[in-house]
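J.: Give the three-dimensional model of this entry:
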Amino acid sequence: MKRINITINFYNFAGFLSSVCAVMVYMLFIQTANANPSPEPLTQPCSTLTSCDSCLKNVSCLWCYTNDTCTVYPVSHLLPPASVCKLSQARWGVCSVNFEALIIAMAVLVCVVLLAVTVCCCYCCRRCGRSSRSDRIEEEIAWKRERDRQLSEDRRAERRARHDEIRKKYGLMSDSDHPYSKFENE
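T.: Numbers count the residues shown, from 1 in each chain. Here you go, the predicted structure:
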């Protein structure tokens, strides 16, 4: 019964997560559909753009606050090297978020997701372990009952043997194997 509840709880949790993901994807599509259509990509070279907003409208450009310049994003690197612009001063996509904050936020988000998955796995494993532990305890109790029953039968047999020995000694046996039994029937 417990194993069924565990799988139902797991499916409920998985269903909850899938529902949350579905709602987030739905909201993303609604916002995308309701948003103003994106402007045509700029064909101007990045070096001619003079403000952060105009620079970041072109996805191939990177704005550097150190010297207020717009440069071509170095696509050969994942992150812009320090020779182009320091991470704390570089902007791409949005003027208000720098690369350092983006990296820290992504690292925290990944850690939170990994921690949540680990906690869920530990919780499920612990719940499954409890059910097997209870089965083990039930087996141990049954084994102890059987052992106690066997010991009780052994003690009962020993008592019976002792009582029979005493009856035999004093001639109180009802069976015909003792020497005075032939005189009892006359």
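J.: which SS state does A107 fall under?
T.: Following DSSP: H, G, I helix; E, B strand; the rest coil, A107 is assigned to helix.
J.: Now for it: which residues touch it?
T.: Going by Cβ atoms under 8 Å, 6 or more residues apart in numbering, A107 touches no other residue. In short, each C-beta sits where N, CA and C put it, glycine included.
J.: how close does it get to C95?
T.: 22 Å (Cβ to Cβ, to the nearest Å).
J.: R136 too?
T.: Distance from R136 to C95, by Cβ to Cβ: 62 Å.
J.: More neighbours: the two, which one.
T.: C95 (14 against 10; other Cβ atoms under 10 Å).
J.: host element of that one?
T.: In the assignment (DSSP states H and E), C95 maps to no helix and no strand.
J.: How about it: what's its closest non-neighbour residue?
T.: Spatially, and ignoring its direct neighbours in sequence, C95 is nearest to C52 (4.1 Å; Cβ to Cβ, 6 or more residues apart in numbering).
J.: give me every residue that touches the one you found.
T.: By Cβ under 8 Å, 6+ apart, the neighbours of C52 are 63, 65, 91, 95.
J.: Can you flag which of those residues belong to strands?
T.: The strands, defined by DSSP state E, take in 63, 91 from the contacts of C52.
J.: with the contacts of C52 in mind, which one is nearest to W143?
T.: Comparing these against W143 with Cβ to Cβ places R91 closest, at 70.3 Å.
J.: Can you tell me the closest non-neighbouring residue to the closest one?
T.: Spatial nearest neighbour of R91, chain neighbours left out: W63 (4.4 Å); criterion: Cβ to Cβ, 6+ apart.
J.: now the one you found: how far from L102?
T.: Shown here: W63 relative to L102, a distance of 14 Å by Cβ to Cβ.
J.: neighbour count winner among the two?
T.: A count of neighbours by other Cβ under 10 Å puts W63 above the other of W63 and L102, at 24 against 17.
J.: Tell me where the model's unsure across the chain.
T.: Low-confidence segments of the chain (pLDDT under 70): 1-43, 129-132, 174-186.
J.: now the helices: where do they sit in this protein?
T.: Under the criterion DSSP state H, helices of the chain are mapped to 2-34, 52-56, 99-169, 181-184.
J.: okay, the contacts of C52 in TSV with distance to E165 next?
T.: As requested, the contacts of C52 are arranged in TSV below (distance: Cβ to Cβ, whole Å):
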residue	distance to E165
W63	107
Y65	106
R91	103
C95	104
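J.: Mind telling me the two of the contacts of C52 farthest from one another?
T.: The distance between the two most remote of those (Cβ to Cβ) is 9.0 Å, for Y65 and C95.
J.: Of the contacts of C52, just say which sits nearest to V119.
T.: Nearest to V119 among the contacts of C52, with distances taken as Cβ to Cβ, is R91, at 35.4 Å.
J.: any idea how far that closest one lies from L49?
T.: On the measure of Cβ to Cβ, R91 and L49 end up 12 Å apart.
J.: Having no further points to raise, I will conclude here.
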